[in-house]
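> A structural model of the following input is requested.
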Amino acid sequence: MYLPKIILRMMLVCSLLCLASVGASAHPIPDIPVCGSFEEGGTATFSVEVNPRCFDQDPVTATSLTQILFSNLTEARKAEMLAAAVELVKKNVEFFLEPIGRIQPEFQFEFTGEGRRALEKDEDVVVLSGRWRTTVPAGVSGWNIRSMPETKVSVVFQNIVNGTPHPRVAVLFPGERSYTLDLTQWTGALPSKATEGSVPASGGSGDLVSTVWSFCKQGFGHVVPEGLDHILFVLGLFLLGRAWRPLVWQVSAFTLAHSVTLALATAGKVNAPSKVVQPLIAATIAFVAVENIWRGRYTHSRLAVVFVFGLVHGMGFASALGDLSIPKGSTLAALGGFNLGVEGGQLAVIAGALVLTGWLRNEQTFRRWVAIPGSALIGLTGVYWTLERLVS
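Have a look, this model is predicted:
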């Protein structure tokens, strides 16, 4: 027995309403970078970085702690945050030395800029940087980490060997364990069965594929489910019409544009502060939604609009990728993998929209019951986000 069409229409519109009303300000959840630095003689420094947004019950909507806000914190509040960083790392990351097993690093935290940069400007983001300097015990053959299953964040596993960043980088989602870095040359241990699959400290042939795949997952996750603003923009492109040729042209233009700025930003050729980029991204969402309602049909001028807006979204993607502190030797692999993941996320959004609206065969009915109300809701969300991000 089929439900009446009016009920199905209302269900679809309500689902769009729920999607457009989630969160007033959507930001990617901060990652936790973990890095092991190893030097001749067995000296090791383990470091970790915690963004204070992770302390919030909803990191997606939480705002970053900037230098000007940090300067107004009391000493008691700063001490609370330092203690909270220690507990957050214990809760989210497990550390292992093979064959010893799990260890608990004694991190000493301090407030710094991202990537341990100095805090200079009022808008600089303040993070908690932790370090633990130790000596690798004799007999240790490797080290790795595990992201706890209940964590809400991704954990980035990196290593530095004799001052040179290791080419393999792993982005771990909840419950995942990293590769094992071979440390036998520092400790004189013989490789054991527990570390037969470990990665040499000098790198291995599988580093490229592993890094691409790791960042591919990160790029996908940056769109689905974390990138609500990017999801709404892609849905805005879809709602202009379901004809495959115009849709392919729009998605291709958007892909090309954000790939260009993502590459340029990663190379350090272009840079724009988040307080400028984020309101602009929200404004692009509102614009395409309004254009869907008032124009109602595809023209080639839409491609120019989508391309320019794609350049803006690329700066947003660059911000997320830049937070991961990618070693120079892994930049191309990380960039390529991240781009592939973003495209996969966009295609997943479009595929989901096609499935949800596939039962509506008539395009006029689609426009009346889905495209117009859906665009209106997306447009209102874009306007709200623009204003909210301008004043935050």
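> Show me the helices in this protein, by range?
Applying DSSP state H to the chain gives helices spanning 5-20, 67-70, 75-92, 184-187, 207-223, 228-239, 244-266, 274-294, 301-322, 331-357, 363-366, 372-391.
> Including mean neighbour count, mean pLDDT and distance to Q158, could the ones you listed go into JSON lines?
All C-beta atoms are positioned from the backbone trio N, CA, C, and that covers glycine. JSON lines is the format used below for the helices of the chain (neighbours: other Cβ atoms under 10 Å; pLDDT from 0 to 100; distance: least, Cβ to Cβ, whole Å):
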{"stretch": "helix 5-20", "mean neighbour count": "14", "mean pLDDT": "45", "distance to Q158": "35"}
{"stretch": "helix 67-70", "mean neighbour count": "15", "mean pLDDT": "92", "distance to Q158": "25"}
{"stretch": "helix 75-92", "mean neighbour count": "15", "mean pLDDT": "94", "distance to Q158": "15"}
{"stretch": "helix 184-187", "mean neighbour count": "18", "mean pLDDT": "69", "distance to Q158": "17"}
{"stretch": "helix 207-223", "mean neighbour count": "21", "mean pLDDT": "81", "distance to Q158": "10"}
{"stretch": "helix 228-239", "mean neighbour count": "25", "mean pLDDT": "92", "distance to Q158": "26"}
{"stretch": "helix 244-266", "mean neighbour count": "18", "mean pLDDT": "87", "distance to Q158": "16"}
{"stretch": "helix 274-294", "mean neighbour count": "20", "mean pLDDT": "90", "distance to Q158": "23"}
{"stretch": "helix 301-322", "mean neighbour count": "20", "mean pLDDT": "86", "distance to Q158": "14"}
{"stretch": "helix 331-357", "mean neighbour count": "19", "mean pLDDT": "88", "distance to Q158": "11"}
{"stretch": "helix 363-366", "mean neighbour count": "13", "mean pLDDT": "86", "distance to Q158": "47"}
{"stretch": "helix 372-391", "mean neighbour count": "19", "mean pLDDT": "92", "distance to Q158": "31"}
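> Let me know which of those helices is the nearest to E114.
For E114, the closest of those is helix 301-322, at 8.6 Å, according to Cβ to Cβ.
> Put the alpha carbons of the closest one into PDB.
Output of helix 301-322 as PDB, limited to C-alpha atoms (Å, rounded to 0.1, in the frame of the first residue of the first chain):
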ATOM      1  CA  SER A 301      26.300  32.100 -16.600                       C
ATOM      2  CA  ARG A 302      25.600  29.800 -13.700                       C
ATOM      3  CA  LEU A 303      29.000  28.100 -14.400                       C
ATOM      4  CA  ALA A 304      30.900  31.400 -13.800                       C
ATOM      5  CA  VAL A 305      29.000  31.900 -10.500                       C
ATOM      6  CA  VAL A 306      29.700  28.300  -9.400                       C
ATOM      7  CA  PHE A 307      33.400  28.600 -10.400                       C
ATOM      8  CA  VAL A 308      34.000  31.800  -8.400                       C
ATOM      9  CA  PHE A 309      32.200  30.300  -5.400                       C
ATOM     10  CA  GLY A 310      34.200  27.200  -5.700                       C
ATOM     11  CA  LEU A 311      37.400  29.300  -5.300                       C
ATOM     12  CA  VAL A 312      35.900  30.500  -2.000                       C
ATOM     13  CA  HIS A 313      35.000  27.000  -0.800                       C
ATOM     14  CA  GLY A 314      38.600  25.900  -1.700                       C
ATOM     15  CA  MET A 315      39.900  28.300   0.900                       C
ATOM     16  CA  GLY A 316      37.700  26.600   3.500                       C
ATOM     17  CA  PHE A 317      39.000  23.200   2.500                       C
ATOM     18  CA  ALA A 318      42.500  24.500   2.700                       C
ATOM     19  CA  SER A 319      41.900  25.600   6.300                       C
ATOM     20  CA  ALA A 320      40.900  22.100   7.300                       C
ATOM     21  CA  LEU A 321      43.900  20.500   5.400                       C
ATOM     22  CA  GLY A 322      46.300  23.100   6.800                       C
END
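> who touches that helix?
For helix 301-322, the external contacting residues (Cβ atoms under 8 Å, 6 or more residues apart in numbering) are 28, 215, 219, 222, 229-230, 233, 237, 240, 246, 249-250, 253-262, 265-266, 270, 272, 274, 277-278, 280-281, 284, 287-288, 291, 295, 334-335, 338, 342.
> Quick one, which of the helices of the chain gets closest to N51.
Of all those, helix 75-92 comes closest under Cβ to Cβ, at 9.8 Å.
> And the strands in the stretch 101-250 of the chain?
101-103, 108-113, 126-135, 142-147, 155-161, 164-165, 170-172, 181-182 (DSSP state E, counting those that start in this stretch).
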